[in-house]
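Trainee: Provide a 3D model corresponding to the input given below.
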Amino acid sequence: MYFNNILSPQIQLMLDYPYGQLPLSFFSTTGMKDGDIWDVLVHYRGNLNLPNDVHKVTILNDNYATLSVHRNLIKKISMIPEINYISLPEVMNYIMYEEKAEVCGSRLDTKESGYNVNGDGVYFGLIDSGIDYTHPDFINEDGSSRILYLWDQTIEGKPPKGFNHGTEYSNEEINNALKSAKPFDLVPSKDEINHGTALCSIAVGNGRGDKKYKGIAPKASLIIVKAGQEGSAEIKGKFRGPRNTEIMMGLKYLVEKSQAANKPISILLGVGFELGAHNGASPLAEYIDYITENWKVNVTVGAGNQASQECHTAGVVKSNESEKISIFIDNGQPYYIATICKNFIDSFGVRVITPNGEKTSLLTREEINSNTIVGDLIISINFSQATPISQGEQIIIFIDSISGSEISDGNWTIELVGFFVLDGIYDAWSNTLEPYNRKMRFDAPVKKMTITIPATSISATSVGATSSNGLDIATFSGQGYMDGDSVKPDICAPGIEVSVASAGGGYRKVTGTSASAAFVAGAYLLMLEYGMRQMSDDDYLYGEMLKAYLLRTAKRPFGTTFPNTEWGYGELCIKSALQLLSTLYDSL
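Mentor: Below you'll find the model as predicted:
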């Protein structure tokens, strides 16, 4: 047993702890996120002269200081003559306080935090439903807008250079609108569905609306893309999301603005869809990979809210055998779409069986397309071919009403027949992310691979949702896959009942993985700022390198193996990521 009266009893016990992994009590009582790098409180006298391998030193007064140090150096530091005593931090509990969901180290914009990062000098890009630019959270103290550019793709007018639709509004134009009694007469861009405004407030809101709900990076500069086609975004009274092409244009726009100013940028996407290959081989996912390889950018995407929607199933087809996929479709549904992804090497046949037992003919890739009329229904099936970005094969099925009414409700069946099969594995997805709120489900759903596209992008940081206390994964949080070094989702963050700015003023609560992604996008802003300030000559502190710091320092609940298809590498801990950066770089 090691004894040193300058060290607190808990430090002495932990330095002599006989197992590699420190006990839960250590982490619970100290709030430590790393078993090796310790934050400690020292009582000292005189001038505190510390070795270079001590980091994050904060002098509180003439007697107390906090610092971060590797556990193996604790004994060495205790020998410094000026130090009287060293102890560990103590976790204190709130009695009761209703507030926005917190992430580890979400308040790092003060000098007391040891980092003093707030997003200043870096760009935040959002591609979503727009923003309420009149909300106080996005306005500086002097009344000027924090938004540098706003490209509303849905308003016909003056598009940005190099693009042919929408209207771009400059910071000057937005400022003039804010000075007007009728700002929307000058800049008519609005967030009708209150989604983009919510995400912005989590990532970059400054809390001026009520001085309570402040975002992760409250001093970041904003570039906003309201994505969509020109004109109305409504279908049957419901707002629909943008298309992948509009998202890709938005990405190009944001990167070009960032390049023109030579500023790094953290981009947040609050959209997703579930149909198609989930291996990162979609055009949007590929485009995200491209921009992250060629510029100082990190793209963050929610993992989707589909895990509890029963929209995915999977199985194995064998040669000379058949596999039946059972689907329940509730009444009132105008159409149904499913995609089945398989290995192109395998030879399958497919047919659809209606609730009353009628069958389509058995379709194979030799025929490729089939349209079968069954009463008022038309059932269309397509075999895709391998593409330049994917060697997989997709079978796409559409069920529509010829008259435009409803499709037949009840239990439908997709039958897969194996001819020549080497692999046999298939995945199937049905559509749920659309404006009609359909009620359709697989009878044997599989939660894995419910992550949505483009969170499947290899380079994007895909984010799942946890409960507000970070102890449980949200039941709806999209689950992914593990394929070699590739793990999806990458990380998790709070996504249930998060307080956000509301378009039109005030605040409200939201739930979903896009909210979780906003926390991570904000974290990237703080890390980018820290990197620019501390390591201005390191042009590689973005993209995959920056993501690696975030994943390495994620919190990992005990009793769970990481990484996994629910949590990825764990839950976001911004402070630990910055601590790692400072540990690795501050001494250089």
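
Trainee: only C-alpha atoms for contact and neighbour calcs from this point on.
Mentor: Will do.

Trainee: show me where pLDDT drops low in the stretch 251-400 of the chain?
Mentor: 385-391 (pLDDT under 70).

Trainee: now the strands for it?
Mentor: Remark: strands assigned in the stretch 251-400 of the chain by DSSP state E, counting those that start in this stretch are 265-269, 297-302, 312-316, 322-329, 335-343, 348-353, 363-364, 369-374, 377-383, 392-401.

Trainee: please work out which of these is packed deepest.
Mentor: strand 297-302 (a mean of 31; mean count of other CA atoms under 10 Å).

Trainee: direction included, what does that strand pair against?
Mentor: Strand pairing for strand 297-302, using DSSP bridges, gives strand 265-269 (parallel), strand 461-466 (parallel).

Trainee: coming back round to it: export the strands of the stretch 251-400 of the chain to a markdown table and tack on distance to residue 218?
Mentor: Shown next, in a markdown table, are the strands of the stretch 251-400 of the chain (distance: least, CA to CA, whole Å):
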| stretch | distance to residue 218 |
| --- | --- |
| strand 265-269 | 14 |
| strand 297-302 | 18 |
| strand 312-316 | 38 |
| strand 322-329 | 46 |
| strand 335-343 | 42 |
| strand 348-353 | 53 |
| strand 363-364 | 56 |
| strand 369-374 | 53 |
| strand 377-383 | 49 |
| strand 392-401 | 44 |
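
Trainee: out of these, flag the one nearest residue 458.
Mentor: Closest approach to residue 458 among the strands of the stretch 251-400 of the chain (CA to CA): strand 297-302, 10.6 Å.

Trainee: next one: that closest one to chain centre, how far?
Mentor: 6 Å (CA atoms, centre = their mean, to the nearest Å).

Trainee: any stretches of the stretch 51-200 of the chain with poor pLDDT?
Mentor: 58-63, 89-114.

Trainee: let's see that with 80 instead.
Mentor: By pLDDT under 80, the low-scoring segments of the stretch 51-200 of the chain are 55-66, 87-115.

Trainee: returning to that earlier point: okay if I get the strands paired with strand 297-302 as JSON lines plus distance to residue 411?
Mentor: Shown next, in JSON lines, are the strands paired with strand 297-302 (distance: least, CA to CA, whole Å):
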{"stretch": "strand 265-269", "distance to residue 411": "35"}
{"stretch": "strand 461-466", "distance to residue 411": "31"}
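
Trainee: for residue 491, find the nearest of those.
Mentor: Of the strands paired with strand 297-302, nearest to residue 491 by CA to CA is strand 461-466, at 5.2 Å.

Trainee: hang on, the earlier thing: out of the strands paired with strand 297-302, the one nearest residue 325 is which?
Mentor: strand 461-466 (27.6 Å).

Trainee: mind listing residues that contact the closest one?
Mentor: 298-304, 455-456, 472-474, 477-479, 488-496, 512-514, 516-517, 520, 547, 566-567, 571 (CA atoms under 8 Å, 6 or more residues apart in numbering).

Trainee: just to revisit the earlier point, so which of the strands of the stretch 251-400 of the chain gets nearest residue 251?
Mentor: Closest among those, using CA to CA: strand 265-269, at 8.1 Å.

Trainee: what's next to that closest one, contact-wise?
Mentor: Contacts of strand 265-269 (CA under 8 Å, 6+ apart): 122-128, 254-255, 258, 296-302, 514, 517-518, 521-522, 524-525.

Trainee: does residue 160 really touch residue 153, like I thought?
Mentor: No: counting by CA atoms under 8 Å, residue 160 sits too far from residue 153 to count as a contact (9.7 Å).

Trainee: look at these two and report which has more neighbours.
Mentor: residue 153 (29 against 18; other CA atoms under 10 Å).

Trainee: spit out the contact partners of that one.
Mentor: Contact partners of residue 153, counting by CA under 8 Å, 6+ apart, are 159, 165, 166, 167, 225, 226, 227, 228, 229, 230.

Trainee: in ChimeraX, how would I select the buried members of these?
Mentor: Of the contacts of residue 153, the buried ones go into a single ChimeraX selection, burial set by 16 or more other CA atoms under 10 Å:
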select :159,165,166,167,225,226,227,228,229
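
Trainee: sort out for me which of the contacts of residue 153 are in strands.
Mentor: Residues of these located in strands (DSSP state E): 167, 225, 226.

Trainee: joint contacts of residue 160 and residue 153?
Mentor: Joint contacts of residue 160 and residue 153 (CA under 8 Å, 6+ apart) are 166, 167.

Trainee: how about whichever helix in the chain runs longest: buried residues?
Mentor: Using DSSP state H to define each element, the chain has its longest helix at helix 513-534. Going by neighbour count (16+ other CA under 10 Å), the buried part of helix 513-534 is 513-532.

Trainee: now which of the contacts of strand 461-466 would you call buried?
Mentor: Buried among those (16+ other CA under 10 Å): 298-304, 455-456, 473-474, 477-479, 488-496, 512-514, 516-517, 520, 547, 566-567, 571.

Trainee: find the nearest non-adjacent residue to residue 338, please.
Mentor: The shortest distance from residue 338 to any non-neighbouring residue, by CA to CA, 6 or more residues apart in numbering, is to residue 430 (4.3 Å).

Trainee: and residue 444, by the same measure?
Mentor: Counting by CA to CA, 6+ apart, the residue nearest residue 444 is residue 313, at 6.4 Å.

Trainee: do the same with residue 346
Mentor: residue 421 (4.6 Å).

Trainee: quick one, phi/psi of the one you found?
Mentor: The phi/psi pair for residue 421 (degrees, to the nearest 10) reads phi -130, psi 130.

Trainee: test my guess that it contacts residue 343.
Mentor: No: in this structure, residue 421 is not within contact of residue 343 by CA under 8 Å, at 9.3 Å.

Trainee: what is the burial count for residue 182?
Mentor: Residue 182, neighbours per other CA under 10 Å, totals 11.

Trainee: how close does it sit to residue 171?
Mentor: Using CA to CA, to the nearest Å, residue 182 is found at 17 Å from residue 171.

Trainee: now do residue 142
Mentor: Note on residue 142: its distance to residue 171, by CA to CA, is 14 Å.

Trainee: more crowded one of the two?
Mentor: Taking other CA under 10 Å, residue 142 and residue 171 do not tie; residue 171 has more neighbours (18 against 6).

Trainee: surely the more buried one and residue 139 touch.
Mentor: No: counting by CA under 8 Å, residue 171 stays clear of residue 139, with 11.2 Å between them.

Trainee: that's all I had, so thanks and see you.
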